[in-house]
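Visitor: Model the structure of this input:
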Amino acid sequence: MRAAEDIIRTVQLTEKGTLLTEQANQYLFEVDRTATKPEIARAVTQLFKVHVTQVRTLNQRGKLKRERTAHFGRTARRKRAIVTLRAGDKIDLT
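Guide: I've put the predicted structure just below:
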């Protein structure tokens with residue numbers, strides 16, 4: 001079993017994430033690309049002491065980037081998790 005700090009990389013503070021937090025008690029996390037949904041739920045529970053009801057994940061491909069040459073590079077791939085908490089639970093992001 002991996003450590004929770006290795007699974008959860010960052011909390012993503014975006015406009016969409018703020019809207020999800022206010023409306024549906026959901027939070028966005030950038031997670032390790034090999035993490036599974038049960039591992040993510042366990043890590044959020046351990047780190048923030050809340051009860052997770054649902055985890056949705058999506059894998060984002062790296063974008064092609066070009067900088068004044070004919071050769072392309074690529075940004076890093078990443079995995080994002082949308083975690084729904086039980087009603088009444090909250091994560092303090094300040």
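Visitor: Residue 91 contacts residue 51, doesn't it?
Guide: No: the criterion here is CB atoms under 8 Å, and residue 91 misses it with residue 51 at 11.5 Å. Just so you know, the C-beta spots here come from the backbone N, C-alpha and C atoms, and that holds for glycine as well.
Visitor: what about those two, which has more around it?
Guide: residue 91 (16 against 13; other CB atoms under 10 Å).
Visitor: The most centrally placed residue in the chain: what secondary structure?
Guide: In the chain, the C-alpha nearest the mean C-alpha coordinate belongs to residue 29, at 1.9 Å (CA atoms, centre = their mean). Assigned by DSSP: H, G, I helix; E, B strand; the rest coil, the conformation of residue 29 is strand.
Visitor: Please work out the average pLDDT along the longest helix seen in the chain.
Guide: For the chain, the helix reaching the highest residue count under DSSP state H is reported as helix 37-48. The predicted model assigns helix 37-48 a mean pLDDT of 96.
Visitor: CA-only coordinates of that helix in PDB, if you can.
Guide: The C-alpha atoms that make up helix 37-48 are tabulated as PDB, following Å, rounded to 0.1, in the frame of the first residue of the first chain:
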ATOM      1  CA  LYS A  37     -10.100   5.100  -7.400                       C
ATOM      2  CA  PRO A  38     -10.000   3.200  -4.100                       C
ATOM      3  CA  GLU A  39      -6.400   4.300  -3.500                       C
ATOM      4  CA  ILE A  40      -7.500   8.000  -4.200                       C
ATOM      5  CA  ALA A  41     -10.400   7.700  -1.800                       C
ATOM      6  CA  ARG A  42      -8.300   6.200   0.900                       C
ATOM      7  CA  ALA A  43      -5.600   8.900   0.500                       C
ATOM      8  CA  VAL A  44      -8.100  11.800   0.700                       C
ATOM      9  CA  THR A  45      -9.700  10.200   3.800                       C
ATOM     10  CA  GLN A  46      -6.300   9.900   5.500                       C
ATOM     11  CA  LEU A  47      -5.000  13.300   4.600                       C
ATOM     12  CA  PHE A  48      -8.100  15.400   5.200                       C
END
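Visitor: All set now, cheers.
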